[in-house]
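Undergrad: Okay, predicted coordinates and the sequence, questions at the end:
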Amino acid sequence: MLYVSRNGKVRINYLKREDSLLIAKGEVASSSKPNVFHKVEIVYSFEKKYLIRGSCDCEISSFYGICKHQLMLLYVSLRARKKISKTL
Ligand SMILES: [Zn+2]
């Protein structure tokens, strides 16, 4: 584990930068089920300033392709990346 958010709800297991892309993999706590974490992966483009790819094993994501877990991982990854590595 590379980083855990202060509230413990977001865990970053992998974070890499490739040119203008930020690739993150991690686990995000379910809001309805205690002690359940969803597996989440995202790819964010600094150039386009949006999430270009994302996946999560929750039910909402299987319907809509997007969910709050992906956004939570993105938010924490963007904020914490410099603490993890200066090159991110
Ligand atoms: Zn989700």
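TA: All right, it came through fine.
Undergrad: Quick check: residues of this protein near the ion?
TA: Contact residues, the chain versus the ion (C-beta under 5 Å from the ion): 38, 56, 58, 61, 67, 69. Any C-beta I mention is one placed from the backbone N, CA and C, and that applies to glycine too.
Undergrad: What backbone torsions are found at the second one?
TA: Here is the backbone geometry of residue 56 (degrees, to the nearest 10): phi -160, psi 150.
Undergrad: show me what contacts it?
TA: By C-beta atoms under 8 Å, 6 or more residues apart in numbering, residue 56 lies in contact with 28, 38-41, 67, 69-70.
Undergrad: That one pairs with what?
TA: Counting by DSSP bridges, residue 56 is bridged to residue 40.
Undergrad: List the buried residues of the lengthiest helix in the chain.
TA: When the chain is parsed with DSSP state H, its longest helix is helix 68-84. Neighbour-count burial for helix 68-84 flags 69-74, 76-77, 80-81 (criterion: 16 or more other C-beta atoms under 10 Å).
Undergrad: Nearest to the ion among these?
TA: Distance to the ion across the buried residues of helix 68-84 (C-beta to the ion) is lowest for residue 69, with 3.3 Å.
Undergrad: Name the nearest residue to that closest one, ignoring sequence neighbours.
TA: Spatial nearest neighbour of residue 69, chain neighbours left out: residue 28 (4.0 Å); criterion: C-beta to C-beta, 6 or more residues apart in numbering.
Undergrad: What is the neighbour count of residue 66?
TA: Residues within reach of residue 66, counting by other C-beta atoms under 10 Å, total 14.
Undergrad: contacting residues for it?
TA: 51, 54, 60.
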